[in-house]
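K.L.:
model the structure of this input:
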Amino acid sequence: MIESNRNKDLEKRIEAYVDGDLSTREIDELWAELLDNEYYYDYMKSVASMKKVAEDRQEKSRLQGSESQKAVWLSAAAAILLMIGAATIFNISTEPAENVSPISSIELDYYRSADGMAAENMESDVVRRAISTANTGDVAEALSLINEELQKENSDYKEAELLITSGSILYNSGRFADAIERFETAIDINYDDMMLRERNYWYLGNAYFQVNKLDEAKFALEQAFELNGAYSRVAQSYLRALSVR
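P.N.:
Residues are numbered from 1 along each chain as shown. Sure, this is the predicted structure:
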């Protein structure tokens with residue numbers, strides 16, 4: 001169904017997202033809107049599909065010149081991120097409440113372009129290297145990079161970011177108890193970024209859900225819901241489901 005009143009600003013931000021031109025904060029804000037808007041979720045899939053066609057054409061001419069190489073990379077990266085985001089956020093949030101299950105994996109935002117990184121993340125070269133390493137399958141080396149950085153004197157924000165990143169890598173490796181330990185440690189750190197804190201609670205709730213600690217999962221998801229950000233709606237859906245278990 002075509003909406004009578006197009007949201008041109010939202011369309012513009014969707015196109016910027018697919019191009020890899022949004023910051024981490026802007027991406028989270030965009031997903032918060034898309035969680036409750038199936039029409040523009042489908043619109044984003046269409047934009048990503050068109051970008052994929054452009055990517056394929058550019059790839060065929062790659063050997064004739066390297067000028068379009070960055071555009072190809074950004075397009076592929078955005079398509080990957082779109083598919084991961086759709087699987088872990090949108091589809092789960094629209095399931096019947098009684099059918100929800102913990103997310104199978106946590107999206108790692110290594111694929112976002114450097115130009116699209118939030119300012120506070122620009123210093124986190126170790127985080128990007130660790131995620132890149134984990135994506136190659138070398139989880140032990142990725143965790144070693146983060147653990148080494150944690151031994152240094154870092155800001156509260158960066159320490160939390162390192163812990164949440166390592167917890168996410170552990171979660172994706174099926175090491176849920178170890179992931180819980182990292183997420184819990186990050187929660188005890190005093191930092192001002194509520195979006196990162198909300199994400200921390202969301203991941204922690206899912207990690208507890210994975211090991212069937214439902215009371216703990218409910219508490220963490222309640223905190224994510226009360227922060228009223230990008231994960232608020234999906235956390236509420238999980239809370240409804242867990243309340244009848």
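K.L.:
so which bits of stretch 152-160 are buried?
P.N.:
By 16 or more other CB atoms under 10 Å, the buried positions in stretch 152-160 come out as 154, 157-160. Quick note: C-beta positions are derived from backbone N, CA and C, even for glycine.
K.L.:
export the residues you listed as CSV, with columns for pLDDT and distance to residue 224.
P.N.:
Formatted as CSV, those follow (pLDDT from 0 to 100; distance: CB to CB, whole Å):
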residue, pLDDT, distance to residue 224
154, 84, 24
157, 93, 19
158, 92, 22
159, 94, 20
160, 95, 15
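K.L.:
of these, which pair is most distant in space?
P.N.:
Greatest spatial distance among these (CB to CB): 154 and 160, at 9.2 Å.
K.L.:
hmm, back to that, mind putting the buried residues of stretch 152-160 into a markdown table with distance to residue 192?
P.N.:
As requested, those are exported to a markdown table (distance: CB to CB, whole Å):
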| residue | distance to residue 192 |
| --- | --- |
| 154 | 15 |
| 157 | 8 |
| 158 | 13 |
| 159 | 13 |
| 160 | 10 |
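K.L.:
list the ones among these that fall in helices.
P.N.:
157-160 (DSSP state H).
K.L.:
just the residues you listed now: which is nearest residue 227?
P.N.:
For these, the nearest to residue 227 is residue 160 (14.5 Å; CB to CB).
K.L.:
pull the number of nearby residues for residue 137.
P.N.:
The tally of other residues near residue 137 (other CB atoms under 10 Å) stands at 10.
K.L.:
can you pull the pLDDT of it?
P.N.:
Predicted confidence (pLDDT) for residue 137: 91.
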